[in-house]
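> below: sequence and its predicted model.
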Amino acid sequence: MWFNEFLSKYKSGISHEFLFYFNVKDLMDNNRNIFRYLDDEFIKQRKFGIVAFYDISRGLTFLEPAMEREFNMIIGNEVANLFRSMPSKLFPFIDIALRSTKMALFIDHAEKIVPAGDLGSMTLEERMALIWLSEWSVNTRISSVGSTIFMLADNLADISREFLKPAYRIEPILVELPNEEERKSYINYLLEDKTTKSEITLEEFAKLSSGLNRKSIKDIKLKAEAEAVPITFEFIKQKKHDVLQKEYGDVLEFIYPEIDFDDLGGMDAAKAYLTKNIIEPVRRGDSRRVPMGILLCGPSGTGKTLLVEALAKSSGFNCVKIDMSRILGQYVGESEKNFKKCLLGAKSQEPVIVFVDEIDTAFRRGESGDSGVSRNIFSEFLQFTSNTNNRGRIIFIAATNRPDLIDAALKRAGRFDKKIPVLLPEQEERAQIFKIIINKYGIATNIQDFLPFSKLAENYTGAEIDTVVRKAYELACNKKEDHPVITGPILKEALKKCRPSTQDVEFMTELALAECDDIDLLPKKYWARFEKVAKQA
Ligand code: ADP
């Protein structure tokens with residue numbers, strides 16, 4: 001928990017200036033905000049002479065009037081009217097107080113005082129504030145007096161990077177969202193008063209509210225109360241969607257999986273691998289077996305995205321998709337800020353599958369300002385995907401049809417525990433896919449056996465079979481508008497009209513085969529080829 005991290009850093013004397021970021025506006029337990037929490041748990045026991053608060057709009061205020069008098073005495077009464085002035089005027093006086101008496105100084109909205117951006121674009125006022133705040137962190141007089149500075153910000157990326165340079169000693173402390181256990185205890189507390197009915201259990205509520213802070217959970221309860229409805233699965237899902245969309249919708253796509261493995265034609269080897277290595281261990285609570293990352297390789301339209309969705313549903317994991325086009329912004333620093341937020345949003349969904357489609361283009365390293373991702377984003381991503389603390393909580397899945405173009409650092413062993421080829425469906429599989437897709441659209445058909453049609457659909461991907469089915473429906477509608485039925489001749493006609501685009505498929509299949517290192521994941525017809533390649537290697 002953030003408080004323990006802070007306390008151990010404080011006690012070890014690493015620093016006396018801290019930057020708390022992320023979930024700082026939330027309640028830290030049942031009813032205390034971060035100020036009250038720190039006051040109760042830290043400040044009261046340590047006899048600070050002055051406890052003061054500063055933010056740009058309200059200026060300097062004090063916990064108690066006596067503390068204001070003490071401050072005035074130290075710095076000289078004549079400056080009392082400067083409490084609301086800008087940092088360049090006020091901070092020199094705060095500096096005197098910090099060095100003279102044991103003072104706790106809270107600085108809220110630190111990002112408004114020293115915003116992100118390069119040094120050159122900072123105003124003189126911001127630069128002066130930056131200097132004061134960073135100098136305080138290395139001032140030995142301040143540390144020997146015992147003064148402590150607490151800064152707060154919603155997003156670390158909003159703050160000037162200069163601030164966190166190792167030359168200074170400002171310690172960032174991530175204030176995380178409540179985890180499942182903490183949410184459970186908070187929900188228990190909230191529902192104690194019995195003013196709201198809940199149709200779901202405490203455990204279910206705690207699980208469903210992943211990614212929400214205590215304030216949002218409280219909102220859910222208050223809304224249910226105001227609307228005089230019981231708290232149900234649907235109610236939470238809807239409210240949660242609203243909150244997450246508002247919070248992270250600009251940088252992250254939330255996937256609510258509708259389908260499971262039965263809605264996927266073929267892919268038996270992939271399904272078996274995922275069942276054995278993810279679904280079953282997760283059910284048993286044995287997360288050590290769960291892979292950290294998986295790479296799906298194969299031509300477009302073969303159902304890679306669908307497989308991820310079905311895995312999310314079957315494993316009970318949440319699912320988010322990182323879409324780099326949402327993240328890469330126009331301004332310097334904007335992309336990095338978005339990306340940080342995106343990773344925090346993804347993490348807030350634990351247990352979660354983090355999906356990146358077309359990873360070869362999404363994480364192409366950019367050279368001097370072209371459209372690729374910056375070095376910072378890339379290394380942040382590498383760190384995120386290789387953090388073994390996340391094992392069993394975050395599964396990172398990437399898809400590509402060009403594994404040969406993936407950055408070598410991303411492919412390096414360890415990041416992807418398994419590379420699964422997702423290839424063109426075989427004849428039997430195509431028959432299943434025809435059936436599944438016709439069912440999915442709820443279209444009437446009198447065809448019992450799809451095998452003859454799948455024979456005609458050699459080299460079609462799942463996505464192309466989808467196109468054929470929609471074409472067949474269109475033809476059926478033309479024939480019989482009231483009750484369109486897909487018949488054998490109609491499906492044949494549709495097959496004739498929609499040819500598969502074989503371009504590149506052969507090449508992409510080759511690439512996926514070359515990437516695969518486990519023969520059990522391949523259909524039999526590729527075994528000979530696999531062994532040949534293995535020998536050459
Ligand atoms: P990819 O991610 O490999 O490009 P998608 O998962 O987006 O492919 O698949 C596109 C569409 O093709 C799906 O929405 C689905 O209609 C159809 N499809 C592909 N493969 C299958 C499959 N194995 N079973 C059922 N439908 C499939």
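Cool, the structure landed. The structure displayed is predicted, hence computed values, not measured ones. Numbering: from 1, shown residues only.
> pull the helix or strand with minimum mean pLDDT from the chain.
Comparing helices and strands within the chain by mean pLDDT, DSSP states H and E singles out helix 527-536 as the least confident, with a mean of 75.
> wait, what's in contact with the residue of the stretch 351-500 of the chain found nearest the ligand?
Among the residues of the stretch 351-500 of the chain, residue 462 lies closest to the ligand, at 2.1 Å counting by CB to the nearest ligand atom. Placement of C-beta: from N, CA and C, glycine included. By CB atoms under 8 Å, 6 or more residues apart in numbering, the contact set of residue 462 is 265, 301, 302, 303, 306, 425, 433, 437.
> the residues you listed: which ones sit near the ligand?
Of the entries in the contacts of residue 462, the ones placed beside the ligand under the rule of CB under 6 Å from any ligand atom are 265, 301, 302, 303, 306, 425, 433, 437.
> highest neighbour count among the residues you listed?
Of all those, the most densely surrounded is residue 302 (28 neighbours; neighbours counted as other CB atoms under 10 Å).
> follow-up on the earlier one: now, which of the contacts of residue 462 lie within helices?
Among the contacts of residue 462, DSSP state H puts 306, 433, 437 in helices.
> could you dump those to a markdown table with distance to residue 275?
What follows is the ones in helices among the contacts of residue 462, written out as a markdown table (distance: CB to CB, whole Å):
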| residue | distance to residue 275 |
| --- | --- |
| 306 | 16 |
| 433 | 20 |
| 437 | 23 |
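> and the residue most central in space within the chain, how far is that from the ligand?
For the chain, the residue nearest the mean C-alpha position is residue 346 (1.2 Å; CA atoms, centre = their mean). Relative to the ligand, residue 346 is positioned 19 Å away (criterion: CB to the nearest ligand atom, to the nearest Å).
> out of the ones next to the ligand among the contacts of residue 462, the closest to residue 145 would be?
Sorting these by how near they are to residue 145, with CB to CB, puts residue 306 at the top with 62.2 Å.
> pretty sure that closest one is touching residue 265, no?
No: in this structure, residue 306 is not within contact of residue 265 by CB atoms under 8 Å, at 9.5 Å.
> quick one: low-confidence ranges for the stretch 251-400 of the chain?
Applying pLDDT under 70 to the stretch 251-400 of the chain picks out residues 330, 332, 367-371.
> so where do the strands sit in it?
With DSSP state E, counting those that start in this stretch, the ranges of strands along the stretch 251-400 of the chain come out as 253-255, 293-297, 318-321, 352-356, 394-400.
> so which residues of the stretch 351-500 of the chain form helices?
Listed in chain order, the helices found in the stretch 351-500 of the chain under DSSP state H, counting those that start in this stretch are 359-362, 375-386, 408-411, 427-440, 451-456, 462-479, 488-497.
> ok so, going back, let's have the strands of the stretch 251-400 of the chain in JSON lines, adding mean neighbour count and distance to residue 238.
What follows is these, written out as JSON lines (neighbours: other CB atoms under 10 Å; distance: least, CB to CB, whole Å):
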{"stretch": "strand 253-255", "mean neighbour count": "16", "distance to residue 238": "13"}
{"stretch": "strand 293-297", "mean neighbour count": "25", "distance to residue 238": "31"}
{"stretch": "strand 318-321", "mean neighbour count": "22", "distance to residue 238": "15"}
{"stretch": "strand 352-356", "mean neighbour count": "24", "distance to residue 238": "20"}
{"stretch": "strand 394-400", "mean neighbour count": "26", "distance to residue 238": "25"}
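> let's have these in TSV, adding distance to the ligand.
Conversion of the strands of the stretch 251-400 of the chain to TSV gives the following (distance: least, CB to the nearest ligand atom, whole Å):
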stretch	distance to the ligand
strand 253-255	12
strand 293-297	8
strand 318-321	11
strand 352-356	10
strand 394-400	6
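> CSV for those strands, including distance to residue 126?
Shown next, in CSV, are these (distance: least, CB to CB, whole Å):
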stretch, distance to residue 126
strand 253-255, 35
strand 293-297, 40
strand 318-321, 35
strand 352-356, 35
strand 394-400, 36
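> so for residue 170, which of the ones you listed sits nearest?
With respect to residue 170, and counting by CB to CB, the nearest of the strands of the stretch 251-400 of the chain is strand 394-400 at 28.0 Å.
> just say helix, strand or coil for the residue nearest to residue 159 when sequence neighbours are not counted.
Across the structure, with CB to CB, 6 or more residues apart in numbering as the measure, the residue nearest residue 159 apart from its sequence neighbours is residue 111 (4.9 Å). Following DSSP: H, G, I helix; E, B strand; the rest coil, the label given to residue 111 is helix.
> and residue 111, what's its pLDDT?
At residue 111 the predicted local confidence, pLDDT, stands at 92.
> got phi/psi on residue 172?
When read as degrees, to the nearest 10, the backbone of residue 172 gives phi -80, psi 140.
> got the domain boundaries for this structure?
Dividing the chain into domains by automatic domain parsing, as the record does, gives the ranges 2-175, 180-248, 261-421, 427-497.
> pick the most deeply packed of those domains.
Scoring the domains of the chain by mean neighbour count under mean count of other CB atoms under 10 Å gives domain 261-421 as the most buried, with a mean of 19.
> what about that one, start to end distance?
End-to-end span of domain 261-421 (CA to CA, to the nearest Å): 17 Å.
> for residue 157, list the residues it contacts.
116, 333, 336, 337, 340, 341.
> try residue 127
residue 119.
> following the host helix or strand of it, which helix or strand comes up?
Take DSSP states H and E as the rule and residue 127 turns out to sit in helix 124-138. Heading C-terminal from helix 124-138, the first helix or strand you meet, by DSSP H and E, is helix 140-145.
> and the helix or strand that that next one is followed by, which strands flank it?
Using DSSP H and E, the helix or strand that directly follows helix 140-145 along the chain is strand 148-153. In the sheet, strand 148-153 lines up against strand 17-22 (parallel), strand 103-107 (parallel) (DSSP bridges).
> of all the ones you listed, which one is nearest the ligand?
Using CB to the nearest ligand atom as the criterion, the shortest distance between the ligand and these is 32.4 Å, found for strand 17-22.
> rounded mean pLDDT for the next helix or strand after the closest one, please.
On the C-terminal side of strand 17-22, the nearest following helix or strand under DSSP H and E is helix 34-38. Over the span of helix 34-38, the pLDDT mean works out to 97.
> and the residue in the stretch 251-400 of the chain that the ligand sits nearest to, how far from residue 397?
Distance from the ligand to each residue of the stretch 251-400 of the chain (CB to the nearest ligand atom) is smallest for residue 303, at 2.7 Å. Distance check for residue 303 against residue 397: by CB to CB, to the nearest Å, it reads 13 Å.
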